[in-house]
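S.K.: this is the structure alone, sequence omitted:
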């Protein structure tokens, strides 16, 4: 028997620019993924501001997205989200790699982000990809028991050789 015949089929994965027509699905995913989600209006505002915003489709369905702003040689990660049922499969890393490629193409020298101090999975991913903690924003995020600190992380982008 051919061993390949036993391998499960791989999902079809595609990354493309976010469109206005994606926003209802993006917002629905945001609500499923986060206890304190962005409003639909925030997503609309990001698209209107022409921020780089991309969606990840897995087998034709929304599996994740990211949004960032880029100005004055700096990129700021605004939101990265992977559907809860798809987390731990490398999709967050794929989104981050795409985000960094776009930041480089738009001539950003560095990338900044904030991450909840309790989000060990995201912190581990950012560490593994070369981000360094450069500070802390006390009480930055809403939390069940009040507010939660954000770690501020940065990555210096160098021209790829």
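M.R.: Nice, thanks for sending it over. Owing to the predicted nature of the structure, the values given are computational and were not obtained by experimental measurement. Numbers count the residues shown, from 1 in each chain.
S.K.: what about the chain, any weak spots by pLDDT?
M.R.: 1-6, 159-161 (pLDDT under 70).
S.K.: contacts for the longest helix seen in the chain, please.
M.R.: As assigned by DSSP state H, the longest helix anywhere in the chain is helix 91-105. Residues outside helix 91-105 that contact it (C-beta atoms under 8 Å, 6 or more residues apart in numbering) are 13, 15, 52, 54, 56, 58, 63-66, 68, 70, 75, 77, 80, 82, 111, 121-122, 125-126, 129, 155, 157, 159-160. Quick note: C-beta positions are derived from backbone N, CA and C, even for glycine.
S.K.: tell me the angle the following helix or strand past it makes with helix 91-105.
M.R.: Under the assignment DSSP states H and E, the closest C-terminal helix or strand after helix 91-105 is strand 110-116. Here strand 110-116 points in a direction 150 degrees away from that of helix 91-105 (axes from the mean of the first three to the mean of the last three C-alpha atoms, to 10 degrees).
S.K.: next, the buried residues of strand 110-116.
M.R.: Neighbour-count burial for strand 110-116 flags 111, 112, 113, 114, 115, 116 (criterion: 16 or more other C-beta atoms under 10 Å).
S.K.: who's in contact with the second one?
M.R.: Okay, so that is residue 112. Residue 112 makes contacts with 74, 75, 76, 77, 152, 153, 154, as judged by C-beta under 8 Å, 6+ apart.
S.K.: ok, of these, which one's closest to residue 31?
M.R.: Checking the contacts of residue 112 against residue 31 by C-beta to C-beta gives residue 77 as the nearest, at 20.0 Å.
S.K.: report the contact partners of the closest one.
M.R.: 66, 68, 99, 111, 112, 113.
S.K.: could you give the bridge partners of it?
M.R.: With DSSP bridges as the criterion, residue 77 is bridged to residue 68.
S.K.: 48 is where my numbering starts, stick with that
M.R.: New numbering, starting at 48: the last item is residue 124.
S.K.: pull up the gap between it and residue 169, please.
M.R.: According to C-beta to C-beta, to the nearest Å, residue 124 and residue 169 sit 10 Å apart.
S.K.: ok, now residue 67?
M.R.: 28 Å.
S.K.: of these two, which one has the most company?
M.R.: Neighbours per residue, other C-beta atoms under 10 Å: of residue 67 and residue 169, the larger number sits with residue 169, 19 against 10.
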